[in-house]
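Trainee: From the sequence below, what's the structure:
(2 chains)
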Amino acid sequence: MSGHVDDLLPLEAAGALGPEDAERVAAHVESCEACASAARRWRTLAAALRDLDSPAPSPRLLARTRERVERRRAEREEETWNRAALGFLIVFGWTLTGVVWLLLELVLGELALRSEQPVGSTLVWFVTYLVAGWVTAAAAALLLGRQAREEGRLA
Amino acid sequence: MGRHQDRLLRYLRRLLGDDAVAEDLFQQTWVHVAERIRRYDASRPFAPWLLAVAHNLAFDHFRRRRPQSLDDGPEPAAAVDGLEGAAVGDPLARLAAKERRERLASAVSDLGPRDREAIALRFEQELALPEIARVLGVPLPTAKARLYRALRRLEARLLAGGPPEEWT
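Mentor: Got it, this is the predicted structure:
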């Protein structure tokens, strides 16, 4: 018998041959006992592979998994909220800075008119405001960061 | 998680060969799925997408653990050399069912991760070749070649594990 199909048998048993090769195997094994016997062995092996044991996930594992998914979801929500809050604070900070400049212009101009005393330039007061604002923000950020680290250590 | 939890854990156990790691990656897979569920195309089957997520995590794990160990050992032809004429398979047939399964499971677990994965995806997960290719992130002919090589290597392991016997 010529044209043995041994090389096709593993994939034939796996159901992974194309139609042409599958037909070739089917035709050949009808008349070739050696290949028919090998094909039976491969099919038996394939069936055994499908039946290999594997335990299902334990209830404890499933509970831990749900807990982990929920924890991660909560973290993501917090991260999203934090990003939104940070964006708002940045916009708010720059808006406030612009408003402060306008207010200083107005107030200092009015004071200069009423008191007839020098009250300093708007720029000096504005820079003072900015420095005070940034120092306060940096101190607050340091304190919050330290607190977050402490909470992380305790968690 | 529902109906996919069993098949996911089965796939990870077979691929990783370590229950503790498989359970950790089982959890990580569901966390990733929860985070990326918007990327899932609902017009396609869920199982291959889920298994592709697990596949990526598992191979990240392999790369972290032992960067150059993803190969699957000797080529199947070399492994079968010397057993020429011993009949393509033998060992399964005369063993009692339990013993036969244990021996087969052991032979599968001795394979490399890529071989174990190809076998698990085809026989345990019952995925078609195009779905296997999608999970592995490789072209269809590559998936087919991997499955073929995995089966040949498994055959070699079985033949090497005992005297030639019939499978049937």
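Trainee: Residue B:99 is in what secondary structure piece?
Mentor: helix B:97-110 (DSSP states H and E).
Trainee: right, is that helix up against chain A?
Mentor: Yes. Using CB under 8 Å from any CB of the partner chain, helix B:97-110 reaches chain A at B:100, B:101, B:104, B:105, B:108. From N, CA and C alone the C-beta is placed, and that goes for glycine too.
Trainee: burial measure for the second one, as a count.
Mentor: Counted with other CB atoms under 10 Å in any protein chain shown, the neighbours of residue B:101 add up to 17.
Trainee: cool, residue A:135 as well?
Mentor: Other residues close to residue A:135 by other CB under 10 Å number 10.
Trainee: Which pLDDT value belongs to it?
Mentor: We note a pLDDT of 93 for residue A:135 in this prediction.
Trainee: give the contact list for it.
Mentor: Shown in contact with residue A:135 (CB atoms under 8 Å, 6 or more residues apart in numbering or on different chains): no residues.
Trainee: Pull up the gap between it and chain B, please.
Mentor: 39 Å (CB to the nearest CB, to the nearest Å).
Trainee: Tell me how far the most centrally placed residue in chain B lies from residue A:49.
Mentor: Note on chain B: the residue nearest the mean C-alpha position is residue B:117, at 2.1 Å, using CA atoms, centre = their mean. Distance, residue B:117 to residue A:49, using CB to CB, to the nearest Å: 13 Å.
Trainee: same thing with residue B:104?
Mentor: From residue B:104 to residue A:49 the distance is 7 Å (CB to CB).
Trainee: so what pLDDT did residue 79 get?
Mentor: Using chain A. In this model, residue A:79 carries a pLDDT of 89.
Trainee: Wait, chain B was what I had in mind.
Mentor: On the pLDDT scale, residue B:79 is placed at 39.
Trainee: Residue B:114: neighbour count?
Mentor: For residue B:114, using other CB under 10 Å, the count is 19.
Trainee: pLDDT of the helix or strand in which it is found, averaged?
Mentor: Secondary structure from DSSP H and E places residue B:114 in helix B:113-119. Helix B:113-119 carries an average pLDDT of 94.
Trainee: Assign residue A:117 to helix, strand or coil.
Mentor: coil (DSSP: H, G, I helix; E, B strand; the rest coil).
Trainee: next one: phi and psi at it?
Mentor: phi -110, psi 150 (degrees, to the nearest 10).
Trainee: repeat for residue A:56
Mentor: phi -70, psi 160.
Trainee: so which helix or strand takes in the residue nearest to it when sequence neighbours are not counted?
Mentor: Ranked by CB to CB, 6 or more residues apart in numbering or on different chains and with sequence neighbours excluded, the top spatial neighbour of residue A:56 is residue B:6, at 5.0 Å. Assigned by DSSP H and E, residue B:6 falls within helix B:5-16.
Trainee: just how off-centre is stretch B:142-159 within its chain?
Mentor: In terms of CA atoms, centre = their mean, to the nearest Å, the centre of stretch B:142-159 is set 10 Å apart from its chain centre.
Trainee: Show the contacting residues for residue 28.
Mentor: In the absence of a named chain, chain A is used. Counting by CB under 8 Å, 6+ apart, residue A:28 has contacts A:1, A:3, A:4, A:5, A:35.
Trainee: my question was about chain B
Mentor: residue B:57.
Trainee: ok, back up a step: angle of the helix holding residue B:6 against helix B:97-110?
Mentor: 60 degrees (axes from the mean of the first three to the mean of the last three CA atoms, to 10 degrees).
Trainee: tell me which parts of chain A are close to chain B?
Mentor: So chain A meets chain B at A:6, A:9-11, A:13-14, A:16, A:37-38, A:40-42, A:44-46, A:48-54, A:56-57, A:61-62, A:64-66, A:68-69, A:72-73, A:76 (CB under 8 Å from any CB).
Trainee: Sort out which of those are buried, if you could.
Mentor: Among the residues of chain A next to chain B, the ones that count as buried by 16 or more other CB atoms under 10 Å in any protein chain shown are A:9-11, A:13-14, A:16, A:37-38, A:40-42, A:44-46, A:48-49, A:52, A:57, A:61-62, A:64-65, A:68-69, A:72.
Trainee: taking the residues of chain A next to chain B one by one, which sit in helices?
Mentor: A:9-11, A:13, A:37-38, A:40-42, A:44-46, A:48-50, A:61-62, A:64-66, A:68-69, A:72-73, A:76 (DSSP state H).
Trainee: Packing partners of the helix holding residue B:99?
Mentor: helix A:33-50, helix B:113-119, helix B:140-160 (3 or more CB pairs under 8 Å, 6 or more residues apart in numbering or on different chains; DSSP states H and E).
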